[in-house]
Each structure stands twice: as C-alpha cells, then as structure tokens.
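Enquirer: A predicted structure for the sequence below; I have some questions about it.
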Amino acid sequence: MTVSPGPVSTRPARFPAASMSDLVDRPVRYDLAESTCPPLRLGELLDGDTAARLATLDIGYGTSQGDAELRALIASGAGVAPGEVLVTAGGSTGMFLLAFTLCRPEDHAVVVTPCFPPARAALDAIGCRVTPVALSFDAGYRLDVDAVAAALTPDTRLVSLASPQNPSGVRFTEPELRDLLDRMEALAPQAVLLVDETYRQAGYGAAAVPRSAARLAPRVVTCSSVSKAHGAPGIRVGWLTATDPALYESLRSAKFHTLITGSGVDELLAVEVLRREEQILGDRRQALAAALDTLDRWATGHADAVEFVRPDGGALCCLRLRPDRFDDHAVRRFYDALAERETRVGLGGWFGEPDRVFRLGFGHLPAADFRTALDRVAEALSAA
C-alpha cells in the first residue's frame, strides 16, 4: 500500500462546540466528565536516576520518529517493531497526522460514532466527506460491521473507530475487526483502518489486557498515548503504529513538516512512565474496578431514572436519561441542576449523541469524592 500526503485544504476548519474545552479551561468541584485514570504526580517519576537524566538532557531537537528508547517500549507493548512506531504529541495529534496524510479535500472517510471529537474534527478541517456510522445505545454500542460496510465506497480512504470506545468504554473483538477488514478489502481497497486504542490497557482488576490490533493487517494503524490509562495527560506523548513502510514514511514526513520533532523532556518522562507501567497500570486497574463496582450499584439503584451501558475497558461509560421520565426540557433542567451543584458530566452532543446520553468518568476522582459526585447526580435527577 503506497500512500502519499494530499494538499492542505483552504476551507475553514470546523471543530466541535467550544464547550468541550471546559474540561481543561473551567474546573469544577466534581468533574465526572473527565476521562482519565487517577493522575500521576511528577514526583512518582523523579527518582535519582530520572532527575539526573533530566539534568543532563540536551534541550535540542530530537528525531522525527521520536526517542529510540520510548519507541522500543511502545513497540514491545503493541507487538510491533520500534521502526513501526511514530511518537506524536498526544493521540489526537496522531489522528490529525493520519487524516492529513491520507485524505484530500472531497475524499471519503467513515467515522464510527459516538466518537472522540478530534477523530472527526481533523477530517472536517480538510474538507473530507465524512459518513458517520452511528452505533446504538440500545444495542450496547456493539460494532455493526454491516452498517460500516454499507458506508464504504471505492473512494473511502479512512475508516476510524476506537476500541474501547470513547465515550462508552465498549470494546470491539478481534473477530469483529477482522470481519471489517475483509469488507474493506472488497469494498474500499484503498482505505486504512484507524483503531484508537487509548483505553486498551485500562482494564479492571485482574482482567487480561487484549492484544493490540497493530499487527492485524498492513492497512491497520493504531493510536494511543500515556494520557488515559496511565494517567499522564500533561505529558503530551502519544503514538501511531503503522506496519506498512510507505504509510509510515508518509506519516513521519507529515510530522516533520508540521511539528519537526516532539519535546525531549516529555519523551524522557514518558519513558519513565512506561518503565514503571506494570505498577502504574496495576494500581489504576484496581482503582477502576472498585469505582466501576460503585457506579454499577448506583446505576442499579437509580434504574428508574437512568439506563447504563457497562463498559469493557477505560475510565468512562455512557448513561442515558430515561425518555419515559425526562422530556427535552427535563434534560436541560438536569444539566442546570448539576451545574448548581458544581458537578459536570460529558454531554452526548460532544460525541455525536443526543444530550440525554452523557459520558461519565469514574476513574479520575478519589473514591470518596466519586461517591459524593454520584450523590449530586442523584440530586440533579430528582431536581429535574
């Protein structure tokens, strides 16, 4: 598969509503819209050796591929070679690089929704024709391969999905992905499948972590980062894997001509995160399991007001205000009541869903604060 970068569109960029930027710009007391695991603190990484490495680090350009030690650690976890890993400034930058590399204005892409907004924003920004394929809350957000296949055309250049999905936390199985790849081979032979694996390692308790989709086929590109499962979004480090050499080189060239290289400081700290990965992820998986159990019991106790899709992975899930109890005006009153209580959830509209669906993050807050936040959601349900 040979892929060359297309020209940059001069059409105005179209991005999601600015309200999602509130997640980083407007703190609230109880933020259930946040989708990360408990945040790391810098001191957890700064042992004597790390501090010494930082003190002697040359603050110059790195390489366009990214730090060699970091790529080796990522490659080991993804089951690819270090030369098939491209380090990016967070997973979202990887999505943008892939979109700009594969798609020209008026090319076609398929985006499985609900989705992380940058997955579509990059395509909209270059004027790509996007066909969203909506998965259903009622069907538990399971992957509808037939529906995705029906959207494919010979002009399709990219199919984008996440597993586990953001915002639902629902994971797609390897047989489902292989089925989709077979359909793409027949119906969209030039298309690349992007699998966003940002939450792949954010499991619950002792549950086995599924292997990466990186080696399923040369047309598969994966993206991930240290932001979500590892709890280090302030280290702006993510990555793409691409096992097709020509596609990898196009992505590397696109990164060089836009970002040049990444931050050497961030990449060194990301190395320290991944060197401690077993401990970091182990602690967070236990915390996620406990928080999910709390949420499961809360949702059962409020089943008269909300419906719940239990996630397979990640620090997030989707709930829905029951239509038989909440009309559109009551939905608005619910969000107003939450705001009065200094509590926030993620609006469904951020992800392509109606706002009676909302994303709830259960991994970010300490356990006592999380229980208090759920009490405030319950109060808002009653007030609506």
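Expert: Yes, it's here.

Enquirer: what's the mean pLDDT across the lengthiest helix in the chain?
Expert: Longest helix in the chain by number of residues (criterion: DSSP state H): helix 277-301. Averaged over helix 277-301, pLDDT sits at 95.

Enquirer: per-domain residue ranges of this protein.
Expert: Following automatic domain parsing, one gets these domains for the chain: 18-39+278-383, 58-276.

Enquirer: most packed of these?
Expert: domain 58-276 (a mean of 20; mean count of other CB atoms under 10 Å). C-beta coordinates here come from the backbone N, C-alpha and C atoms, glycine included.

Enquirer: before we move on, back to that, distance to Leu45 for the domains of the chain - can I get that in TSV?
Expert: Output for the domains of the chain, formatted as TSV (distance: least, CB to CB, whole Å):
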stretch	distance to Leu45
domain 18-39+278-383	10
domain 58-276	4
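
Enquirer: ok, which of these comes nearest Ala51?
Expert: Taking CB to CB as the measure, the domains of the chain were each checked against Ala51, and domain 58-276 came out nearest at 10.3 Å.

Enquirer: lowest confidence element among the helices and strands of the protein?
Expert: Taking mean pLDDT, DSSP states H and E as the measure, the helices and strands of the chain show their lowest mean at helix 22-25, namely a mean of 69.

Enquirer: run me through the strand neighbours of the helix or strand following it, direction for each.
Expert: Once the chain leaves helix 22-25, the next helix or strand it forms, by DSSP states H and E, is strand 30-31. The strands that strand 30-31 pairs with in its sheet are strand 343-344 (parallel) (by DSSP bridges).

Enquirer: ok, and what's touching the partner strand?
Expert: Strand 343-344 has contacts (CB atoms under 8 Å, 6 or more residues apart in numbering) with 22, 28-33, 338, 373, 376-377, 380.

Enquirer: just the element for the residue lying closest to Gly264 once chain neighbours are set aside, please.
Expert: Spatially, and ignoring its direct neighbours in sequence, Gly264 is nearest to Gly62 (5.1 Å; CB to CB, 6 or more residues apart in numbering). Secondary structure assigned from DSSP H and E places Gly62 in neither a helix nor a strand.

Enquirer: same deal with Glu272?
Expert: Using DSSP H and E, Glu272 maps to helix 264-275.

Enquirer: equivalent analysis for Arg171, please.
Expert: Arg171 belongs to no helix or strand when assigned by DSSP H and E.

Enquirer: which ones are touching Arg120?
Expert: When contacts are counted by CB under 8 Å, 6+ apart, Arg120 touches 111, 113, 130, 132, 160, 352.
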